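Trainee: Fold the following for me, if possible:
(2 chains)
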2 protein chains.
Amino acid sequence: LKLKRYKKDLDYSYALGAFPTWELLDTHPQQVRRVLLHPRFNGDGALENKCQVLGIPAEYSEKAFNLLSDKENCYVICIYEKYSQTINAQRNHLILDTPSDRGNMGTVIRTAVGFGIRDIAIIGSGVDVCHPKVLRASMGAAFRLSAEYFPTFAAYWEKVGGPTRTCYPFMLDGARELSSLRQTNEPYSLIFGNEATGLPQEYNLVGTSLAIRHAHEIDSLNLPIAVAIALYHFSTLGGNGINSQKAARDPH
Amino acid sequence: LKLKRYKKDLDYSYALGAFPTWELLDTHPQQVRRVLLHPRFNGDGALENKCQVLGIPAEYSEKAFNLLSDKENCYVICIYEKYSQTINAQRNHLILDTPSDRGNMGTVIRTAVGFGIRDIAIIGSGVDVCHPKVLRASMGAAFRLSAEYFPTFAAYWEKVGGPTRTCYPFMLDGARELSSLRQTNEPYSLIFGNEATGLPQEYNLVGTSLAIRHAHEIDSLNLPIAVAIALYHFSTLGGNGINSQKAARDPH
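Mentor: The predicted model follows:
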C-alpha cells in the first residue's frame, strides 16, 4: 500500500485522530480500508477490537504519520474510500457559497450536526469537504451529514423545487434582523457567502435576507460564528414541520 | 532597538497585520512605540500618514518580519507598550475560566466586541490576551475591551459586588435551556469553562446554569461557538438596563 499526501482527485481520504476515526467506523464502516496506529498510540485496545470485529486491518506504522499529519498529537489515521454525498430535498439545508477556509468548514459542519442539519449544499468552487483538515476540524462530524456541490445556486434551486422552498440569504444589510423572525416555513435553506466577500446581491431575489445585527466596532462576524447563531436561532423557532427542531431538542 | 520574540513577561507586544495596527492606532495611539512595514507592504500611504500625524516612527524592515511573524501575509507590525486592563464592575461581563487556546480567545474577543461586551474576566491561568496570536485572531478587537485576570472566581465575585450580580454559568447539563430565558437583570455575567473540561460543578452555586441544547451526535459545541450563541441571545433580551443591548443594536 503506497500512501500519498491527500489531493482532491484521490478516491480516498484520511481521517486524522482517534475521535474522527471512531466517527467513521460508527457511520461508514464499509468505506474504511485500514486504520494506522502510531507506535506511541496509547489506547485501551477498544479501537483495535472494533477494527477486528469489522474485519478492518489495523496496523502500527510511524512513517505514515510523518507523511500525512502535521499535528504533533495525531496517533490514529483512518484511510477510507470516499462515498457519494447527495442532499435530501425534503430537509432543511445549510448553503455555503464559495467557502474558502478548511478550518472554518470543519467548524461549520460540527455546529450544523449539533443543530440537526444533515445536508449542506456548496455553491461554486468551495473547499473540499473530504480534505483531512476539514474532517479533523469537524471532529468527525463530517461523516454524519451529506455535502453536495452545485455549480450555481440555480442548479441547487432546481433540485430542491425552486420557489416552493423557503430561502434565507444572510447579508450584512439584510432586510430583517434574525431575532425578529419568530416562525418559518419548512423545509428552509440558510444561505451564507464567502468569508471575505459575503453573498452577491442577487441572493436578495431568492428569499427574505436576514442580518445578524452587531456593533460597528467590528467589521463582521466570522463565518462559523454567524452560521452558529443562525442555526441556533432556527432550532428554537416554531415551524410547520419536523426537521431540525426535533434533533436539536433531543436531551442528551 | 533590539526586538525579541514575544514572551508574556515583556512589557510590550506586537500587533501583526495592517488591520490590528489600525485598531491600535485608533484606540491606544499613546501606547504605540513604532510601526514596522515590510518592503512588500503595498499601502496607499494612509498608514504612514497616520503615524506621522501621531508622531509615531514608521520604518521599513524585513528582518523583523522573519523574527516575529509566522504568517506569509503579514506586512505590518505594530510595537506597543502593554497597558493596564481592568474591568468596569457596572457593565455586563464575559467570564472565561482557564481558557487555553489563543485562536479561540481571539475569536471570542472579536465576537464579544461585536455584541457590545467591553469587559472580560479571566479566572485562573488562562491564555495571555496580549499574545500576538490572540491579537491577530481578534482582528484587533482586543484593543476595544479590557481583560482582567483573577486568581479565583471568588476574587472576581468580590470585586463586582458578590450576590448582587446576576451570573449565568454555561454547562452541558445546565438547569435551563438558553432560549427559554426571555429577560434578565443587569449587569450580568456569562461564564464559560475551559475548552476541554468545561466549568467545575461549583459554578452551579453562583447563579442559574444555562445549557445550549444540541444533538447528541456531537460531543459539545466549540467554545467560541457557544459564547457567540449566548452573547447573541442576550443581546436580544429585554433587560432592566442599558449596557450591551444598545451597542448590539446600533445599525451600521
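Trainee: What sits closest to residue A:14 if chain neighbours are left out?
Mentor: Once flanking residues are discounted, residue A:14 sits nearest to residue A:132: 4.7 Å by CB to CB, 6 or more residues apart in numbering or on different chains. C-betas here are computed from N, CA, C, even on glycine.
Trainee: Can you dump the C-alpha atoms of stretch A:120-132 in PDB for me?
Mentor: Taking Å, rounded to 0.1, in the frame of the first residue of the first chain, the C-alpha atoms of stretch A:120-132 are listed here in PDB:
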ATOM      1  CA  ILE A 120     -25.100  21.000   3.200                       C
ATOM      2  CA  ALA A 121     -25.000  22.400  -0.400                       C
ATOM      3  CA  ILE A 122     -21.900  24.100  -1.600                       C
ATOM      4  CA  ILE A 123     -22.300  26.500  -4.500                       C
ATOM      5  CA  GLY A 124     -19.500  27.200  -6.900                       C
ATOM      6  CA  SER A 125     -15.900  26.400  -6.100                       C
ATOM      7  CA  GLY A 126     -15.700  25.700  -2.400                       C
ATOM      8  CA  VAL A 127     -13.200  23.900  -0.200                       C
ATOM      9  CA  ASP A 128     -13.100  20.100  -0.500                       C
ATOM     10  CA  VAL A 129     -15.100  18.700   2.400                       C
ATOM     11  CA  CYS A 130     -13.100  15.400   2.200                       C
ATOM     12  CA  HIS A 131      -9.800  17.200   2.900                       C
ATOM     13  CA  PRO A 132      -8.300  15.800   6.100                       C
END
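Trainee: okay, and the helix or strand of chain A with the least pLDDT?
Mentor: Ranking every helix and strand in chain A by mean pLDDT, DSSP states H and E puts helix A:244-249 at the bottom, with a mean of 44.
Trainee: quick one: the strands in chain A?
Mentor: With strands called from DSSP state E, chain A shows them at A:12-16, A:32-37, A:58-60, A:76-81, A:93-97, A:119-123, A:146-150, A:166-169, A:176-177, A:183-184, A:188-192, A:210-211, A:238-239.
Trainee: Return the most buried member of these.
Mentor: strand A:93-97 (a mean of 26; mean count of other CB atoms under 10 Å in any protein chain shown).
Trainee: strands paired with that strand, and their directions?
Mentor: strand A:119-123 (parallel), strand A:188-192 (parallel) (DSSP bridges).
Trainee: So what touches that strand?
Mentor: Strand A:93-97 has contacts (CB atoms under 8 Å, 6 or more residues apart in numbering or on different chains) with A:87, A:105, A:108, A:112, A:117, A:119-124, A:126, A:153, A:156, A:160, A:167, A:187-194, A:199-200, A:203, A:227, A:231.
Trainee: OK, contacts around the residue of the stretch 1-150 of chain A found nearest chain B?
Mentor: Using CB to the nearest CB, residue A:114 is the residue of the stretch 1-150 of chain A that sits closest to chain B, at 3.9 Å. Remark: with contacts taken as CB under 8 Å, 6+ apart, residue A:114 is in contact with A:141, A:231, A:248, B:214, B:215, B:217, B:218, B:221.
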